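> okay, sequence plus prediction incoming.
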Amino acid sequence: MAPKNDSEPPAKRAHTDFQSAQLDAYKGSALELKCINTIRVLAADMVQKAKSGHPGAPMGCAPMAHALWSSVAAGGAGRVHSAKNPKWWNRDRFVLSNGHACALQYVMLHLSGYEDCSMEQLKQFRQVGSATPGHPENFCTRGVEVCTGPLGQGISNAVGMAIASKHLGATYNTSDFNIIDNKTYVICGDGCLQEGISGEASSLAGHLGLGGLIVLYDDNKITIDGNTDLAFTEDVNKRYEAYGWHVQTVSDVANGLGELQKAIEEAKKVTDKPSIIKVRTEIGYGSPSKQGSASSHGAPLGDSEIIAVKERLYGMDKNEKFYIAEDVAAYYKQQADEADAARVAWDAEFAKYKAAYPDKAAELERRFNHEMPDGAFDDLPKFTFGKDKAMATRNFSHACLNAVAPKFPELMGGSADLTGSNLTNIKGAVDFQKETPEGIIIRFGVREHAMAAICNGMFSYGAFRPFCATFLQFAGYALGAMRISSLAKFGVVYIMTHDSIGLGEDGPTHQPVEMLESLRAMPNMNVFRPADLNEMAAAYETALKSVNTPSVICCSRGTVSPLEHSSKEKALKGGYILVEAEGGSPDLVLVATGSEVWRCVDAAKALQNEHSIKTRVVSMPCHEVFLNQDEQYRIGVLPGNVPTLSVEASSEHGWHRFSHAQIGLTRFGMSGPLEELFIKFGFGSENVAAKGKELVDFYKQRGDVPDLNARPHFVNFKG
């Protein structure tokens, strides 16, 4: 037997001393590897303590995160941001599109000194009231830009951020100052790219040549059900090449970041295309039993497995939990300080810009602070009864949009290929295109879902009040992103025309029935259905003042008859008495919205003249705004103990709290001329009058009218 060489470890040790083996294989510094491993084990510790979450993606994506939070000098992306001022205008945005991996983002925010992600908050991951919820929430955690989790939303939001940056730069930068020139970085996963919304948004991004957008695609080959081969075998690179993106592939980040660093630098050089870098990773990296497996995706690894992870990963201590070594903490502090130094330098540059271009600087400050411009609503049109022409409410929307647009340069948006129907063109406005980034009209194409998500990204960026438009029925395509608008408190303005069976001949595929109630059921969403120009003016004013609440402005295709007693001031309360009963207290109240209001006015006249039924007509352009009025006002409009009939060419649901009986839709519509449809479905003034009389007679026979206001209102949420 040959003599033993004590200077060499036994062959077996090469297989058991995993930390040394990992370091030996790593093409980079020991500190870099230790930093990346710290990210991995912190994320695993967070999920384990919470007994809930997704450890696999953070462990696999840790090298990408390290690169994005490191300076160029340290071999990273050089992404600039500021823990001291998380809302700094020119920060490089970061979006974690695969939001289930949020432990990764919280760890990076902690390492970078963001107050909301203290060590205590990391330990409170996924707990009630913590700043580290189970998916990223922009309103909960400073340093988080948008709410992600519903897959595909984040990468689509990022397209909106890139549009915002490109437009602001084109509008406010000068030959001597680049005040706005940030980039938008994204980490996304297979699930994001399977969702159709990402394809819509990525297609538009390629068309627009959004060179400031850089996406790192976490290609870990795993979905919840198992390997991506089960359902996702397309060539993503070729797909994105077809979209017009700059495409690169990085085959390994587990054993060094050199390839990724080069790819990011190449992407930063490409200014006329968005970039995607397909990065091959292993989910659950470092877990001996679960690395590369779907089992590491959505459940804690287990205490014993985490000990094994820490035994395998260089620089980690199996006996420590939530531990950050001093050299790792010092490294990330240095990176955060260097990133913040860019903010300090920018502040000094902006001071010079402000001195040289005071008007531009003041306008930027107003926009980012969401302050109303002077005389913001002075030019909103007013309808004069007996003089002005009857029109469809979509025409009134067009008039209001064009009245406020000159005062609100932050109004930017467009339609999903329905400009001539939605009437969202702004006079004299230029399209936002690759060659004209100063334009404010976005041609979204037939991409409703991405359209809404892009608007969310634009709002998140700051300095914008984005608007977008389609037919109301097609809000169904956009609902996922519209819900995020409400949750994230993004005051996006949605203009939805063709709002009922009154769109006519296109038939039930296009005629909304349940959509109004669906939108009204959404928390923090104002849904307007104006009946005339004055109410439309109120809708636009309320929408633009509601910075943290999205608004849906629903508009008719068909002409509405003039209303003699409407006013913007009354409509600003969400509901008001349009026509008071003649001769005393009302015997009947008719409450309606939109194109049904004038029909109720005609019905009220008939009830008064033919049956001596004193009838009040209430117009309620916005339920949510009305419900925010004080109780005295609400009861003054809708007493509750007077027979009340609601009339709306939509679902009956939602009207029961306001009315004793409803004229609404309980089935889908039909194809045909709109007036014939209104009569067939019971919205003609004759049927409204007949049903109103039946309601009054019913309660006369009954002997009493149930008081709709005589019921308790409970507040059940605690806190």
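Cool, the structure landed. Bear in mind the structure is a predicted one, so any value in this text is a computation, not a measurement. Numbers count the residues shown, from 1 in each chain.
> tell me where the stretch 151-300 of the chain has strands.
Along the stretch 151-300 of the chain, counting by DSSP state E, counting those that start in this stretch, strands occupy 184-189, 213-219, 222-223, 226-227, 246-250, 275-280.
> and those strands: which comes nearest Leu364?
Checking the strands of the stretch 151-300 of the chain against Leu364 by CB to CB gives strand 184-189 as the closest, at 18.7 Å. C-betas here are computed from N, CA, C, even on glycine.
> paired strands for that closest one, with orientation please.
strand 93-96 (parallel), strand 213-219 (parallel) (DSSP bridges).
> any idea of the angle it forms with strand 275-280?
30 degrees (axes from the mean of the first three to the mean of the last three CA atoms, to 10 degrees).
> Serialize the strands of the stretch 151-300 of the chain to TSV and add fields for distance to Val493, mean pLDDT and mean neighbour count.
Output for those, formatted as TSV (distance: least, CB to CB, whole Å; pLDDT from 0 to 100; neighbours: other CB atoms under 10 Å):
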stretch	distance to Val493	mean pLDDT	mean neighbour count
strand 184-189	23	98	26
strand 213-219	24	98	27
strand 222-223	36	96	22
strand 226-227	42	96	14
strand 246-250	33	98	20
strand 275-280	31	98	23
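> where does the protein have low pLDDT?
Applying pLDDT under 70 to the chain flags the ranges 1-16.
> tell me which of the strands paired with strand 184-189 sits nearest to Glu686.
Closest among the strands paired with strand 184-189, using CB to CB: strand 93-96, at 55.2 Å.
> list the contacts of the helix or strand just after the closest one.
Following strand 93-96 in sequence order, the next helix or strand is helix 102-111 (DSSP states H and E). With CB atoms under 8 Å, 6 or more residues apart in numbering as the test, helix 102-111 has contacts from 39, 42-43, 46-47, 53-55, 57-58, 61-62, 65, 68-69, 83, 94, 96, 116-119, 121-122, 125, 132-136, 141, 143-144, 148, 187, 324, 328-329, 332, 336.
> quick one: buried residues of the helix or strand following helix 102-111?
Using DSSP H and E, the helix or strand that follows helix 102-111 towards the C-terminus is helix 119-123. Buried residues in helix 119-123, counted by 16 or more other CB atoms under 10 Å: Gln121, Leu122, Lys123.
> could you measure from Leu260 over to Ala254?
According to CB to CB, to the nearest Å, Leu260 and Ala254 sit 11 Å apart.
> what's near enough to touch the residue nearest to Ser585 when sequence neighbours are not counted?
Residue nearest to Ser585 in three dimensions, not counting chain neighbours: Lys614, with 7.1 Å by CB to CB, 6 or more residues apart in numbering. Shown in contact with Lys614 (CB under 8 Å, 6+ apart): Ala581, Glu582, Gly583, Gly584, Ser585, Pro586, Asp587, Leu588, Gln608.
> please repeat the previous calculation with a cut-off of 7 Å.
Counting by CB atoms under 7 Å, 6 or more residues apart in numbering, Lys614 makes contact with Ala581, Glu582, Gly583, Gly584, Pro586, Asp587, Gln608.
> Leu168 contacts Tyr461, doesn't it?
No - using CB atoms under 7 Å, Leu168 makes no contact with Tyr461, being 8.0 Å away.
> nearest to Glu32, out of the strands paired with strand 184-189?
Taking those one by one with CB to CB, strand 213-219 is closest: 17.3 Å.
> please state the offset of that closest one from the chain centre?
20 Å (CA atoms, centre = their mean, to the nearest Å).
> one more: stretch 94-114?
The answer for stretch 94-114 is 18 Å, by CA atoms, centre = their mean.
> one more: stretch 193-203?
So, by CA atoms, centre = their mean, the centroid of stretch 193-203 is 15 Å from its chain's centroid.
> which residues outside stretch 325-333 are in contact with it?
Contacts to stretch 325-333, defined as CB under 7 Å, 6+ apart, come from residues Leu31, Lys34, Cys35, Thr38, Trp69, Leu111, Ser112, Gly113, Gly315.
> same list, the residues you listed, but as a markdown table with neighbour count and distance to Ser175 please.
Shown next, in a markdown table, are the contacts of stretch 325-333 (neighbours: other CB atoms under 10 Å; distance: CB to CB, whole Å):
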| residue | neighbour count | distance to Ser175 |
| --- | --- | --- |
| Leu31 | 15 | 42 |
| Lys34 | 20 | 46 |
| Cys35 | 28 | 41 |
| Thr38 | 25 | 45 |
| Trp69 | 25 | 33 |
| Leu111 | 25 | 39 |
| Ser112 | 20 | 34 |
| Gly113 | 20 | 36 |
| Gly315 | 20 | 49 |
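> so which of the strands paired with strand 184-189 comes closest to Asp707?
strand 93-96 (50.5 Å).
> can you pull the buried residues of that closest one?
Those would be Arg93, Phe94, Val95, Leu96, for strand 93-96 by 16+ other CB under 10 Å.
> now, among those residues, which is nearest to Ser203?
Scanning those for proximity to Ser203, where the rule is CB to CB, the winner is Val95, at 18.1 Å.
> coming back round to it: out of the buried residues of helix 119-123, which comes closest to Ala453?
Using CB to CB, the buried residues of helix 119-123 come closest to Ala453 at Gln121, 27.8 Å.
> could you double-check that that closest one sits in contact with Gln127?
No - taking contacts as CB under 7 Å, Gln121 lies outside contact range of Gln127: 9.3 Å.
> what's near enough to touch the residue nearest to Cys622 when sequence neighbours are not counted?
The shortest distance from Cys622 to any non-neighbouring residue, by CB to CB, 6+ apart, is to Gly574 (4.3 Å). Contacts for Gly574 (CB under 7 Å, 6+ apart) come out as Met620, Pro621, Cys622, His623, Glu624, Val625, Phe626, Gln629.
> element containing Gly574?
Under DSSP H and E, no helix or strand contains Gly574.
> next, it: phi, psi?
phi 90, psi -30 (degrees, to the nearest 10).
> residues in contact with Leu607?
By CB under 7 Å, 6+ apart, the neighbours of Leu607 are Leu588, Ile613, Thr615, Ala689, Gly692, Lys693.
> can you tell me the SS state at the residue lying closest to Pro466 once chain neighbours are set aside?
Residue nearest to Pro466 in three dimensions, not counting chain neighbours: Cys455, with 3.8 Å by CB to CB, 6+ apart. Following DSSP: H, G, I helix; E, B strand; the rest coil, Cys455 is assigned to helix.
> now the helix ranked longest in the chain, how far from the centre of its chain.
Longest helix in the chain by number of residues (criterion: DSSP state H): helix 326-356. From the chain centre to the centre of helix 326-356 is a distance of 29 Å (CA atoms, centre = their mean).
> hmm, back to that, settle it for me: which of Leu260 and Ala254 has more neighbours?
Shown here are Leu260 and Ala254; by other CB atoms under 10 Å, Leu260 has more neighbours (25 against 19).
> so the more buried one touches Val253, yeah?
Yes - proximity of Leu260 to Val253 meets the contact threshold set by CB under 7 Å, at 5.3 Å.
> okay, and the common contacts of those two?
Shared contacts of Leu260 and Val253, counting by CB under 7 Å, 6+ apart, come down to Pro63, Met64, Val279.
> how about the first one, what does it touch?
For Pro63, the residues meeting the contact criterion (CB under 7 Å, 6+ apart) are Ile36, Val253, Ala254, Leu257, Leu260.
> quick check, it in a helix?
Yes - applying three-state DSSP, one finds Pro63 inside a helix.
> please name the nearest non-neighbouring residue to it.
Val253 (3.9 Å).
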